[in-house]
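S.K.: Take a look and give me a structure for this.
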Amino acid sequence: MTNHWYAVQVHAGREKWVASYLSDRGLDHLLLLRREKRRWTDRFKTIEIPLFAGYVFCRFGALERSTVLSAPGALRVVGCGRTPLPIEDEEIAALQILNKSEYTLVEWPYLTEGDSVRLEGGALDGLLGIVVRAPGGYRVVVSVTIMQRSVAVEVERSRLTPVTAKMSAAKIHNGLPVKAEPAYRVTKADVA
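M.R.: Now for the predicted structure:
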């Protein structure tokens, strides 16, 4: 029976407990932690908090699933309905390399090609578009629908912010949000 890596959803704040439980049961697990300075009333203290809040990665087989879910604070194995979906070994290997490194890790919004984004900072601050991968990084595509034409600009990933559904329903005009729905809908017959 082959063991795969899975994401186990846990109660927030219980990630370390679940990881300790899995370790005590002899199961491979991965909990990415990041250091954060917190201010207490009389001093600053550096604490370690989970990078992926509410999740612990664990490698197990079908027979060990009940052991994993019996961990105090474990909620479910992430998947489609009741079917757990394994995580690619390459993705876990990359996370393990990051975990062993001395680099500072920060949580980052997940973006896929085609997501709506907003640029932050610089001359293009507030620009809305669609993100696409480019050979050197990322491009933001801005389209003129009625003309069926687009223009793209290369940007650094650090300047991209995902646009929520609420924000994507609005466009920016002179720095202020306006409804995206045009007053008059143009059809192909109008253009022809």
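
S.K.: just for the chain, where's the confidence low?
M.R.: Within the chain, the ranges that satisfy pLDDT under 70 run 1, 108-109, 111, 144-149, 165-192.

S.K.: if you set the cut-off to 50 instead, what comes out?
M.R.: Across the chain, the ranges flagged by pLDDT under 50 are 166-192.

S.K.: Centre-most residue in it?
M.R.: Residue closest to the average C-alpha location in the chain (CA atoms, centre = their mean): Tyr110, at 2.9 Å.

S.K.: Distance check, that one against Glu48.
M.R.: Tyr110 sits at a distance of 22 Å from Glu48 (criterion: CB to CB, to the nearest Å). No exception for glycine: its C-beta is placed from N, CA and C like everyone else's.

S.K.: Over to Val141?
M.R.: 39 Å.

S.K.: What of Arg76?
M.R.: Using CB to CB, we find Arg76 at a distance of 25 Å from Glu48.

S.K.: same thing with Trp40?
M.R.: 16 Å.

S.K.: Of the two, which one has the most company?
M.R.: Glu48 (12 against 7; other CB atoms under 10 Å).

S.K.: Can you tell me the closest non-neighbouring residue to the more buried one?
M.R.: Using CB to CB, 6 or more residues apart in numbering and skipping the chain neighbours, the partner closest in space to Glu48 is Leu33 (4.2 Å).

S.K.: Looks like that neighbour contacts Ala53 (just checking).
M.R.: No - with contacts counted by CB atoms under 8 Å, Leu33 stays clear of Ala53, the gap being 10.9 Å.

S.K.: out of the two, which sits in the more crowded spot?
M.R.: With neighbours defined as other CB under 10 Å, Leu33 and Ala53 compare such that Leu33 has more, 16 against 11.

S.K.: tell me the contacts of the more buried one?
M.R.: Leu33 makes contact with 48-51, according to CB atoms under 8 Å, 6 or more residues apart in numbering.

S.K.: again, but for Pro84
M.R.: 6, 65, 77-78 are the contacts of Pro84 under CB under 8 Å, 6+ apart.

S.K.: Many thanks, we can stop here.
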